[in-house]
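> my questions are about this predicted structure, shown below with the sequence.
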Amino acid sequence: MKKIHILLPFVFVLFLNYATVISAQGTEIYSDSFTNVDKVDTAKTTAIVNTAEGWVEAWHPPQSAVIDSSEQNGNLDNVVVATESGIMWYSLDKATGSLKANQAKSANSIRNALAVSMVPETDSYFIFDDAGNIKHLQFDGSGMVHNPLMSISGLKNLVTVTAVNESTVAAAESDGTIKAYTFDTATGTMVENPALKFSTGLTDIVGVHNIPGTYNFVVTTRSGKSYEYDFDPIQGYKINASRTIIHDSQTIVASGIAGQADIISLLDPNKANAYVFDGSANSMTKYGLLSADPLQKAIAVSLPNETTQLIASSEGSVNVYQLDGATNRMVSNPFLEIKGLTFVKSYAPQSSMESKAFMAPSAKTMFQLLPSETNDPGTSIQYSMSVDGGNSFTPVQPNDWFHLPEDSATPIMGPFVVKATLISGAKDKTARLTDLKLNAYYDVTPPTAPGKPFASPNPSYQITTPIHWEPASDILAAPSDGASGIKNYQFRSSIDGGKTWSEWVNTNSNSPNYNFSVPPDSAAVYHLQVRAVDAAGNIGPESLVGEAYINTKPVQIVPNPAGHLVTVNKIIEPSEGQSFPTDQVRVRVKAGGEVLYSIKTSGQVQSVRVIYSDGNTQDLQPEHPTTDYTDTNTWSGYYYPSSDSMIPLSMPQGTNIDIVKFELVASDGSTIKKSTDLHSDLLTIEGSLAGTVNGQMKAKLSN
């Protein structure tokens, strides 16, 4: 039974658009509460589907071998248990009829063992731990002694072990390989025996048992299959088809054998199902008489003989079930119960649950994954989904609506597969997936048209111009968050007045803006359009056509043919030898006169300010409005800094007036300060108009 249920609300939302009510009714197309594995692809799932608790937890080595037992004269005699605090040995106390701890044969120094396997007819056992070590312990008359020469270290992905004899142990690995290690007297170490190595191809092994006195093994899987592999010295290992069991339980957590594997118990969390070999049918047959039912959170089973089963629970107990002749059923013997144990799990850092492929009842485009989790601190679950039967997966955010296949409006029916990856940051911590649902619906309604795009002023002669527009809206209501959602905008442009257009390009954003790049050193009027694409792949109508003049030519002053920046257009009563306009400066001018000059700029110049060598400043006037789509512009001004709009009559003979600097303001508001360098010459005072010219000079210069 689950301890926690988190129910996520399902909301049905209505949206109103142009007086028409459009709704999207989500449909649940998948649901699993993990009380069985009917919807789980057990061959591809590496996490543990704990059907007893009703959740998926991180993978840990099976606990199927935390107990082992032996008999004497047909009765239970000894029990060995692997726990967090050590290996515990219990012996039958005939006086009280109970199992009592045998401290001499226990090994408190062996902590966090994951499995233990007794060596038949000896006071020794093999264990393995989560560090990848197999160790052998032998009773020397006073206590258990660890023999390092018979230990193996550095093993990876170990699942379980089974003792073959006092010098050989077999180990199962997570890839389905069975390896046997034997003590080599020549080297004094345990070495791999290549003759006893074989691959089962089974990746969900929960138990491996050696058939006593042989090199044969019974291998059991989580998905409910049990196989006997018989050793042939010439041909190697072969499956004994007559000993194969295909179990009808949802999840197998452990198995046990008795005798020559003539009795096999397949344990699920709630029941131990016994099978016996039927010689007349030459097959294994389910035998209800030896089955133990009901159970609670069972994790391991051991069969010391044909009428006894020891079953361990994750709650920390070991119960002994014996055949009751009066009732012809397996009954727990309370006098033989062991309590207060803690078994080790050692969770894997990452494991996953993958569903079986399933179909939707009708075509869908939008999906919403709704999980319920009860996670240990520091753990998490990541989700992904496949729409091609599990060939490829796309990460998805739980609870949010998403669209698959991405960037496609194609509705699909499947086959779908959902995947949950459990991340554990510590060996004693796990994430737990308790429920998983998938909602879906079919969205065929496109978004509305966005607003007309417009350009922000682009930085001086930069090739990228920000384009903006009012956002579109998606009017189809999703069951949870209100809309399928704008996933992307598409943009196109034209430079011939809209006669021809560029291809639509994705902005790869649902924000109503785009950085539009144009060629450098160019100037053109661009027509602009955008359209929206929703998360279901529906493409909305185009926006109205926007217009933007984009000039990427550098903001600068264009020199005249003589290489000067300034051209003098006219002065009052020029001295002999001067004619206008002239690009030869300095010009000679009389005190009391005026000078009309101009400069030429390129790029999107909005204003020009002049700074003179005498400290005066002046704003020049453009020939064309700065809002016109022109590549160049001419800027004109007078030099008359005095209040009566003329060069002061008092200015001494030979005074030079130069332009120190131009300040050009670009269309984006940035200021480019242009030093005139060697071409800053403007005028020299030569003579005076005193007594001959009065009043404003501007009218004369304009004639």
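Looks like it arrived, so ask away.

> secondary structure element for Ser650, which one?
Element membership for Ser650, per DSSP states H and E: none, as it lies in no helix or strand.

> nearest residue to Leu404 other than its sequence neighbours?
Nearest residue to Leu404 in three dimensions, chain neighbours excluded: Val387, at 4.9 Å (CB to CB, 6 or more residues apart in numbering). Every residue, glycine included, has its C-beta placed from N, CA and C.

> list the contacts of Asp184.
Asp184 makes contact with 190-191, according to CB atoms under 8 Å, 6 or more residues apart in numbering.

> verify the stated contact: Ser109 with Gly86.
Yes: using CB atoms under 8 Å, Ser109 makes contact with Gly86 at a distance of 6.9 Å.

> what residues are up against the residue positioned nearest the centre of the chain?
Centrality entry for the chain: nearest residue to the mean C-alpha point is Pro395, 5.6 Å, by CA atoms, centre = their mean. Pro395 sits next to 382-384 when contact means CB under 8 Å, 6+ apart.

> coming back round to it: so how far is Trp401 from the residue nearest to Leu404?
Using CB to CB, to the nearest Å, one gets 15 Å for the distance from Val387 to Trp401.

> over to Asn560?
From Asn560 across to Trp401, the span is 65 Å (CB to CB).

> pLDDT score for the residue nearest to the centre of the chain?
pLDDT for Pro395: 97.

> so which helix or strand takes in Ser302?
According to DSSP H and E, Ser302 maps onto strand 298-305.

> helices of the stretch 351-500 of the chain, start to end?
Here the stretch 351-500 of the chain has no helices by DSSP state H, counting those that start in this stretch.

> what about it, any weak spots by pLDDT?
407, 409, 457-461, 475-484 (pLDDT under 70).

> mind jotting down where the strands sit in it?
Secondary structure of the stretch 351-500 of the chain (DSSP state E, counting those that start in this stretch): strands at 366-373, 380-386, 394-396, 401-403, 417-423, 432-441, 454-455, 464-468, 486-494.

> tabulate those strands (CSV), appending distance to Ile647.
CSV is the format used below for the strands of the stretch 351-500 of the chain (distance: least, CB to CB, whole Å):
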stretch, distance to Ile647
strand 366-373, 78
strand 380-386, 80
strand 394-396, 76
strand 401-403, 74
strand 417-423, 83
strand 432-441, 82
strand 454-455, 44
strand 464-468, 44
strand 486-494, 52
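
> ok, the closest residue to Ala312 other than its chain neighbours - contacts?
Spatial nearest neighbour of Ala312, chain neighbours left out: Ala300 (4.0 Å); criterion: CB to CB, 6+ apart. Taking CB under 8 Å, 6+ apart, we find Ala300 in contact with 63-67, 253-254, 267, 311-312.

> how close does Ala300 sit to Phe402?
In terms of CB to CB, Ala300 sits 42 Å off from Phe402.

> also Met353?
According to CB to CB, Met353 stands 19 Å off from Phe402.

> and the nearest residue to Thr671 once chain neighbours are set aside, what are its bridge partners?
Distance criterion CB to CB, 6+ apart; nearest residue to Thr671, sequence neighbours excluded, is Val665 at 5.3 Å. Judged by DSSP bridges, the bridge partners of Val665 are Ser607, Thr671.

> doesn't Gln606 make contact with Val665?
Yes: between Val665 and Gln606 a contact is recorded at 4.8 Å, counting by CB under 8 Å.

> any idea how far apart the tips of stretch 637-651 sit?
One end of stretch 637-651 sits 20 Å from the other (CA to CA, to the nearest Å).

> determine the number of other residues adjacent to Ile657.
Neighbours of Ile657 under the rule other CB atoms under 10 Å: 21.

> helices or strands up against the helix or strand containing it?
Here Ile657 sits within strand 656-666, counting by DSSP H and E. Using 3 or more CB pairs under 8 Å, 6 or more residues apart in numbering; DSSP states H and E, the elements in contact with strand 656-666 are strand 556-558, strand 605-612, strand 671-675, strand 681-688.

> what about the stretch 201-350 of the chain, any weak spots by pLDDT?
Scanning the stretch 201-350 of the chain for pLDDT under 70 picks out the ranges 250.

> mind exporting the strand holding Ser302 as PDB, just the C-alpha atoms?
Output of strand 298-305 as PDB, limited to C-alpha atoms (Å, rounded to 0.1, in the frame of the first residue of the first chain):
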ATOM      1  CA  ALA A 298       9.000 -10.100   1.100                       C
ATOM      2  CA  ILE A 299      12.500  -9.700  -0.300                       C
ATOM      3  CA  ALA A 300      14.300 -13.000   0.100                       C
ATOM      4  CA  VAL A 301      13.600 -16.800   0.400                       C
ATOM      5  CA  SER A 302      15.600 -19.800   1.400                       C
ATOM      6  CA  LEU A 303      14.600 -23.500   1.200                       C
ATOM      7  CA  PRO A 304      16.600 -25.700   3.600                       C
ATOM      8  CA  ASN A 305      14.400 -28.700   2.700                       C
END
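
> mind listing what the helix or strand following it pairs with, with the direction of each?
Per DSSP H and E, the first helix or strand lying C-terminal to strand 298-305 is strand 308-313. When sheet partners are counted by DSSP bridges, strand 308-313 sits next to strand 298-305 (antiparallel), strand 317-324 (antiparallel).

> buried ones in the last one?
Spelled out, that is strand 317-324. 318-323 (16 or more other CB atoms under 10 Å).

> who does Val530 bridge with?
As assigned using DSSP bridges, the partners bridged with Val530 are Phe491.

> wait, it sits on Glu542?
Yes: shown here, Val530 and Glu542 form a contact pair, counting by CB under 8 Å, at 7.4 Å.

> who has more neighbours, those two?
Val530 (29 against 16).

> now do the contacts for the more buried one.
By CB under 8 Å, 6+ apart, the residues touching Val530 are 450, 453, 467, 469, 489-492, 512, 514, 542-543.

> 6 Å - rerun?
Counting by CB atoms under 6 Å, 6 or more residues apart in numbering, Val530 makes contact with 450, 453, 469, 489, 491, 543.

> quick one: contacts for the first one?
So the one you mean is Pro450. Applying CB under 6 Å, 6+ apart, the residues near Pro450 are 469, 472, 530, 532, 543.

> try it again at 7 Å.
469-472, 489, 512, 530-532, 543 (CB atoms under 7 Å, 6 or more residues apart in numbering).

> equivalent analysis for the fourth one, please.
Applying CB under 7 Å, 6+ apart, one finds that Tyr489 lies in contact with 450, 507, 509-510, 512, 514, 530, 532.

> returning to that earlier point: which one's more surrounded, Val387 and Trp401?
The neighbour comparison of Val387 against Trp401 (other CB under 10 Å) goes to Trp401, with 26 against 23.

> can you tell me the SS state at Ala104?
helix (DSSP: H, G, I helix; E, B strand; the rest coil).

> any idea how far Asp641 is from Thr655?
For the record, residue 641 is Pro, not Asp. With the distance defined as CB to CB, Pro641 ends up 12 Å from Thr655.

> low-confidence ranges in the stretch 601-703 of the chain?
Residue ranges of the stretch 601-703 of the chain with pLDDT under 70: 642-645, 673-679, 691-703.

> again, 80 this time
Per-residue confidence for the stretch 601-703 of the chain (pLDDT under 80) gives these ranges: 627-630, 640-645, 667-680, 690-703.

> do the same with the stretch 1-150 of the chain
Applying pLDDT under 80 to the stretch 1-150 of the chain flags residues 1-26.

> thinking again about what came up before, comparing Ser109 and Gly86, which shows the higher neighbour count?
Neighbours were counted for Ser109 and for Gly86 using other CB under 10 Å; Gly86 has more, 17 against 10.

> and Gly154, how many neighbours?
Neighbourhood size, Gly154 [other CB under 10 Å]: 7.
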